[in-house]
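In: coords please:
(chains A and B)
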There are 2 protein chains.
Amino acid sequence: MSIYTATTTAPVNIATLKYWGKRDKTLNLPTNSSISVTLSQDDLRTLTSVATSEKFNEDKLWLNGKEESLGSERTQNCLKDLRSLRKQLEDSDSNLPKISEFGLHIVSENNFPTAAGLASSAAGFSALVVAIAKLYKLPQSFSEISKIARKGSGSACRSLFGGYVAWEMGSEEDGSDSKAVEVAPVEHWSNIKAVILVVSADKKDTPSTSGMQTTVATSDLFQWRIKEVVPKRFEEMKKSIIEKNFPLFAELTMKDSNSFHATCLDSYPPIFYLNDTSKKIIKLVHAINDFYGETIAAYTFDAGPNAVIYYLEENESKLFSIIYKLFNKVEGWSSKYSSEQLGEFNQEFENLKSKIDFALDDELYKGVSRIILTKVGPGPQDTSESLIDFATGLPK
Amino acid sequence: MSIYTATTTAPVNIATLKYWGKRDKTLNLPTNSSISVTLSQDDLRTLTSVATSEKFNEDKLWLNGKEESLGSERTQNCLKDLRSLRKQLEDSDSNLPKISEFGLHIVSENNFPTAAGLASSAAGFSALVVAIAKLYKLPQSFSEISKIARKGSGSACRSLFGGYVAWEMGSEEDGSDSKAVEVAPVEHWSNIKAVILVVSADKKDTPSTSGMQTTVATSDLFQWRIKEVVPKRFEEMKKSIIEKNFPLFAELTMKDSNSFHATCLDSYPPIFYLNDTSKKIIKLVHAINDFYGETIAAYTFDAGPNAVIYYLEENESKLFSIIYKLFNKVEGWSSKYSSEQLGEFNQEFENLKSKIDFALDDELYKGVSRIILTKVGPGPQDTSESLIDFATGLPK
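Out: Just a heads-up that it's a prediction; the model follows:
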């Protein structure tokens, strides 16, 4: 039995200019362009291996060790598009094996808990599409391929690139110009880091797809956001990245997170993703920036209560002297810092203590279940690892 | 010593179309028109007595039994305008005593705790201005007088009328057309009642004046709210009141509360008035309306976490069967209902219980410190009561 296989990794991305609202639900076409930072795969990544063989009668998927259904319309749309591109190749070159007709085995694993609400679907669909594109040896650019990932999960298209990524909304009805492009590679501005505060949620939030539909249909303020606010901010934010202007990038990021959540609140019935802990983190970041007299940190919140705080590496001790003080009881520090380094953050806080003019809520950590320390990172990577047994075509 | 005195009561009003944003801070000119419901003075009112005499050398104020400063610019502006109108009368009729030149003693008391965050300044400035207008026997209409109250506290102008009141923003730079008018008197739609859930706040919120300034200066979405959203909603809401269309009135009220809080969240730095308890109350009201398949209740939130829920008297047992179940441990029921009546709400809940398809949070009451049960009511009232000793001109 000849088995063809390919493997890739793909990253998580966290939007700094938010995607919220679909103009076409099936094609996942957005009502506005968006921008994101791709996070390091050392901390958050999906690893996906795919295999195909004439012996495979059907498509099969194993996610984090468990066989799952491939039946969702979105996944089916991705597979259909990828097979169609492979078919074009096969039709134009009769020497190529007709693997587009074979079943696919897909095995995928995250290096982080799915339950944390960390945009795992973006990394997941990105890895799925890239792995199959490699398997099929598709000649298309990653921007072209990103249109297929977009059909799986809108924000997945941005995980096709590393560094700083724009998803251009496009204007065509068939979505042919709604794709991800690189704003700048990770090397351009490699000293951006991120703290993710995983905030404990009471219960499940409104799923983002239905939330978006409610906002588009009912929020008056949303129409202004997509027509006037975002187009201007999109250009300003790209410029702030090109110019590596952190204070501007940070301000635009915070404003856009607030604008997105404001349109959720303006929906009917209103949608709430930020809880009291999220709000306290927002106030904390503003207090820290005020305290230092410069914008050293920027929060952003997706469709959930988790905070992602971006900062420049050179400001880490300024930020962590306060953040570590407040959240040192939360799991996640020791995997990145020695106890000596953590001691230095403590020492730094002691030095500052008498000057701190804002209240430090010593119970705030109770609303946070985990801290993830990461940074900007590259796009999908090749790897020699494989999750599939080459002999059987099944998960190892 | 001849002493001239006058006394009035004035009500609290709670906006259903929110006032948020000043185009002129000194004159309290708003960026949009607003609408409110005047609440019954049986439950919430200010009682103000004023006296003047040639023996009074200076203006003095006693609030809830304590002497307070009259030095604020806003209060001074009110007194100046009232004296100026009295002076015009005196100039045109030399028989009138020249009381505009005398000192004023002002004694004021609320029948509710100021600390509860219940728009006491609206009732306070309304009572102050009406009492002095009576003392001075001013011939101006209440709409004219409302312009003076507006300078004390913007929303105070709406407390000059009972029932349903509009504050027309006007367009003149001097504020001469920014005044309150009656949309409909209490008799027109007398069966609207209100439950106020006083929500415990962590700490003091952003004061509304500085909050408004931040929103006007920084929120992109706010510009759309005042230009497009509110003008349309203002006409629709007036119509819903004229037509006594509760479901429409309720929907517009809830949407406008959410829209106002959305522009607060879109401010930079963002302003939060709703806390997790407020949000749970919002979800509860939507769940109750969904459960009954009709809009029987409408929430609205001012610049704080307290919920005001409007409903029609005929739907009281539908609403209270659920509300009393959730908040029966909170103080405020027994002053309005006998234990027999409360038992009926309990019984009603037992009858419904098996049909209720949404989660009832049995800890929600812990976030609520007090419940106030009230209804729509009339405007300022004459009273034979006086807080001033006619002999001494001092508080009784």
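In: so what's the residue of the stretch 1-150 of chain A at minimum distance from chain B up against?
Out: Nearest residue of the stretch 1-150 of chain A to chain B, counting by C-beta to the nearest C-beta: A:Lys18, 12.7 Å away. Using the backbone N, CA and C atoms, a C-beta is placed for each residue, glycine as well. Shown in contact with A:Lys18 (C-beta atoms under 8 Å, 6 or more residues apart in numbering or on different chains): A:34, A:256-257, A:259-260, A:300, A:302.
In: Now do it against B:Glu187, distance only.
Out: 49 Å (C-beta to C-beta, to the nearest Å).
In: Next, count neighbours for A:Asp81.
Out: Look at A:Asp81: counted by other C-beta atoms under 10 Å in any protein chain shown, it has 18 neighbours.
In: and if you look at A:Lys179?
Out: There are 24 residues near A:Lys179, going by other C-beta under 10 Å.
In: Was I right to think it contacts A:Lys151?
Out: No: A:Lys179 lies out of contact with A:Lys151 (C-beta atoms under 8 Å); the separation is 11.3 Å.
In: re earlier: return the closest of the contacts of A:Lys18 with respect to A:Ser108.
Out: A:Asp302 (21.2 Å; C-beta to C-beta).
In: List the contacts of A:Gly152.
Out: A:Gly152 touches A:28, A:74-75, A:77-78, A:121, A:124-125, A:128-129, counting by C-beta under 8 Å, 6+ apart.
In: one more time with 7 Å, if that's ok
Out: Contacts for A:Gly152 (C-beta atoms under 7 Å, 6 or more residues apart in numbering or on different chains) come out as A:74-75, A:78, A:125, A:128-129.
In: most surrounded residue in the residues you listed?
Out: A:Val129 (32 neighbours).
In: Ignoring the adjacent residues along the chain, who's closest to that residue?
Out: A:Ala149 (4.3 Å; C-beta to C-beta, 6 or more residues apart in numbering or on different chains).
In: do A:Thr5 as well
Out: Closest to A:Thr5 by C-beta to C-beta, 6+ apart is A:Ala51, at 4.3 Å.
In: hang on, the one you found is in a strand, isn't it?
Out: Yes: assessed with DSSP: H, G, I helix; E, B strand; the rest coil, A:Ala51 lies in a strand.
In: returning to what we had before: distance-wise, check the residue nearest to A:Val129 relative to B:Val230.
Out: Taking C-beta to C-beta, one finds A:Ala149 at 41 Å from B:Val230.
In: Which one's more surrounded, those two?
Out: The residue with more neighbours, out of A:Ala149 and B:Val230, is A:Ala149; 31 against 28, by other C-beta under 10 Å.
In: Report the mean per-residue pLDDT for stretch A:210-224.
Out: The average of the pLDDT scores along stretch A:210-224 is 96.
In: mind listing what's buried in it?
Out: A:211-212, A:214-216, A:218-224 (16 or more other C-beta atoms under 10 Å in any protein chain shown).
In: For the residue nearest to A:Val129, what is the enclosing helix or strand?
Out: Assigned by DSSP states H and E, A:Ala149 belongs to helix A:142-152.
In: following that helix, which helix or strand shows up next?
Out: strand A:164-168.
In: how about that following strand as PDB, C-alpha atoms only?
Out: This file holds the C-alpha atoms of strand A:164-168, laid out as PDB (Å, rounded to 0.1, in the frame of the first residue of the first chain):
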ATOM      1  CA  TYR A 164       1.600  40.700  11.600                       C
ATOM      2  CA  VAL A 165      -1.300  39.700   9.300                       C
ATOM      3  CA  ALA A 166      -4.200  41.500   7.600                       C
ATOM      4  CA  TRP A 167      -7.300  39.800   6.500                       C
ATOM      5  CA  GLU A 168      -8.500  42.000   3.600                       C
END
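In: tell me which residues in it are buried?
Out: Neighbour counts over strand A:164-168 (16+ other C-beta under 10 Å) mark A:164-168 as buried.
In: what about A:Asp357, which SS state?
Out: A:Asp357 ends up coil, using three-state DSSP.
In: what's the neighbour count on it?
Out: That count, for A:Asp357 with other C-beta under 10 Å as the rule, works out to 8.
In: now the one 3 residues further on
Out: The number of residues packed around A:Leu360, counting by other C-beta under 10 Å, is 13.
In: Name the helix or strand for the nearest residue to it once chain neighbours are set aside, please.
Out: Excluding the flanking residues, the one nearest A:Leu360 by C-beta to C-beta, 6+ apart is A:Leu326, at 6.2 Å. Per DSSP H and E: A:Leu326 is located in helix A:316-327.
In: Give the buried residues for that helix.
Out: Those would be A:316, A:318-327, for helix A:316-327 by 16+ other C-beta under 10 Å.
In: And the next helix or strand past that helix?
Out: By DSSP H and E, the next helix or strand past helix A:316-327 is helix A:339-352.
In: List the contacts of the following helix or strand past that following helix.
Out: Reading on from helix A:339-352 to the C-terminus, the next helix or strand found by DSSP H and E is strand A:368-375. For strand A:368-375, the external contacting residues (C-beta under 7 Å, 6+ apart) are A:39-40, A:43-44, A:116, A:192-200, A:277, A:327, A:330-333, A:336.
In: List the buried residues of strand A:368-375.
Out: Quick answer for strand A:368-375 (16+ other C-beta under 10 Å): A:368-375.
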